[in-house]
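S.K.: turn this into a structure:
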Amino acid sequence: MSGFSCKKKKKKDEPVLVTCDYSVTNMLSGIGNNIIIPRFANLTQTTLALKTEAASFVTQLDSASLVNLQKKFNTAYLSYQKVGMFNFGPALTNGFNMRERMNVFPVSLATYDMYMNNGNTQPTQNINATVGFPAIEYLIFGNVDSVLAEFTTGSQAANRKTYLVNLTDYLHQLSSTVYNAWIPSGGNYIATFVADGGNSVGSPLSLLVNELNFDFETLKNFKYKIPLGKFDAGIVQPDKVEGYYSGTSVALSAANADAIYKLYLGVAESGADGEGLHDYLVCLDAYYQTEDVSLASTINSQLALIYSKILAIPDPMSATLYSNKQVIDDAHTEMQIAVPLIKREMTAAMGVQISYTDNDGD
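M.R.: Numbering: from 1, shown residues only. A predicted model of the protein is given here:
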């Protein structure tokens, strides 16, 4: 990443940062145009492909069409992992919360079954734990031996077909709505995102940093800490992993971790090296614990280590929780180390206040 001519950061015990000759608006412009918008464009494209394949599946109802549908689903779900950290602005308008409508897991099976029995097949009217990617996953992977039967001869077959089509359509609608709100030819939220280079609560930088942290803690807590049983006396909870029915938990969390890492570095979806939060920390000359240890480099190394630890976990994670729990715990431990780095040290250096609350003790 490029370097800058900057002032020295204040001593560790002084809470107020020193500014440097750095354009936050230019950084946000690069992130918005080269990372956020392309990622939402990809999500819109992959959910459209999923929607199209779902419509085809309910007419063909054979093994080949099911396999094609599952592949389109996996591709779309991976694309979602890249946008969870942008749950602000357009993602919180029009009466929905993107994260809550797209990826609440595990599925509430009792409510789900009640909906199917009662014909509640309109996603807009149903609770978060029965819509989004996890709900679609349950429909098309839920019972490997009888998925086709449930869509053909099962007592709820008609409702399942209707709900699958409606769920995939709803998912694409949400994706398209957020994407169109960002782009200049649509709602042009990108102009708002790059207009303010400050760090006050509600500023684009504050929103970005807060949601990056929130998404990272979602990765750490919901995708690792809860399944590891750290809230349940160490008793593993395999059915609470993300991607439980498709067996893609590790692939999903790896995509999530990689997306966070590339956002931090400012790496565009094209692969081009741009400006990110790392560059801003370099300019601020922020250090960690001692003045000869760069905070920017420390976070860089930690995020890279986390990604490598995740890749070392065999999928499905639900099985690995029993066969090799330690390798999952190792990844979680490295995530715990990263939390104070990005949630306390990075935000303090940038003068950004964490405005969300959590009760997990980090």
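
S.K.: residue 24 and residue 85, how far apart?
M.R.: Distance, residue 24 to residue 85, using CB to CB, to the nearest Å: 18 Å. To be clear about C-beta, it is placed using only N, CA and C from the backbone, and glycine gets the same treatment.

S.K.: show me the helices in the stretch 201-350 of the chain, by range?
M.R.: Ranges of helices in the stretch 201-350 of the chain, per DSSP state H, counting those that start in this stretch, are 204-220, 249-265, 277-284, 295-311, 317-323, 325-340, 346-350.

S.K.: quick one: closest of those to residue 74.
M.R.: helix 249-265 (7.9 Å; CB to CB).

S.K.: relative to helix 325-340, how tilted is the closest one?
M.R.: 20 degrees (axes from the mean of the first three to the mean of the last three CA atoms, to 10 degrees).

S.K.: who's in contact with residue 193?
M.R.: 28, 32, 36, 89, 182, 204 (CB atoms under 8 Å, 6 or more residues apart in numbering).

S.K.: let's have those in CSV, adding secondary structure.
M.R.: Listed next are these as CSV, based on DSSP: H, G, I helix; E, B strand; the rest coil:
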residue, secondary structure
28, helix
32, helix
36, helix
89, helix
182, helix
204, helix
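
S.K.: can you redo these as TSV with neighbour count and pLDDT?
M.R.: As requested, the contacts of residue 193 are exported to TSV (neighbours: other CB atoms under 10 Å; pLDDT from 0 to 100):
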residue	neighbour count	pLDDT
28	22	98
32	20	98
36	26	98
89	21	96
182	25	98
204	24	97
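
S.K.: looking at residue 24 and residue 85, which one has more neighbours?
M.R.: residue 85 (26 against 20; other CB atoms under 10 Å).

S.K.: surely the more buried one touches residue 217?
M.R.: No: assessed by CB atoms under 8 Å, residue 85 is found out of contact with residue 217, at 10.8 Å.

S.K.: mind listing what the residue lying closest to residue 37 once chain neighbours are set aside touches?
M.R.: Closest residue in space to residue 37, ignoring its immediate chain neighbours: residue 182 at 5.3 Å, by CB to CB, 6 or more residues apart in numbering. By CB under 8 Å, 6+ apart, residue 182 lies in contact with 32, 36, 37, 40, 89, 90, 189, 190, 193.

S.K.: which ones are touching the third one?
M.R.: Spelled out, it's residue 37. Listed by CB under 8 Å, 6+ apart, the contact partners of residue 37 are 179, 182, 183, 190.

S.K.: return the subset of these lying in helices.
M.R.: 179, 182, 190 (DSSP state H).

S.K.: neighbours of the first one, just the number please.
M.R.: For residue 179, the neighbour count with other CB under 10 Å is 24.

S.K.: just the buried positions in the strand or helix carrying residue 46, please.
M.R.: With elements taken from DSSP states H and E, the one containing residue 46 is helix 37-60. For helix 37-60, the neighbour count (16 or more other CB atoms under 10 Å) marks 37, 39-51, 53-54, 57-58 as buried.

S.K.: quick one: pLDDT of residue 16?
M.R.: The score at residue 16 is 39. That number is its pLDDT.

S.K.: how far off centre is the helix or strand bottoming out on mean pLDDT in the chain?
M.R.: The helix or strand of the chain with the poorest confidence is strand 290-294; it has a mean of 86 (mean pLDDT, DSSP states H and E). Mean C-alpha position of strand 290-294 versus that of the full chain (CA atoms, centre = their mean, to the nearest Å) differs by 31 Å.
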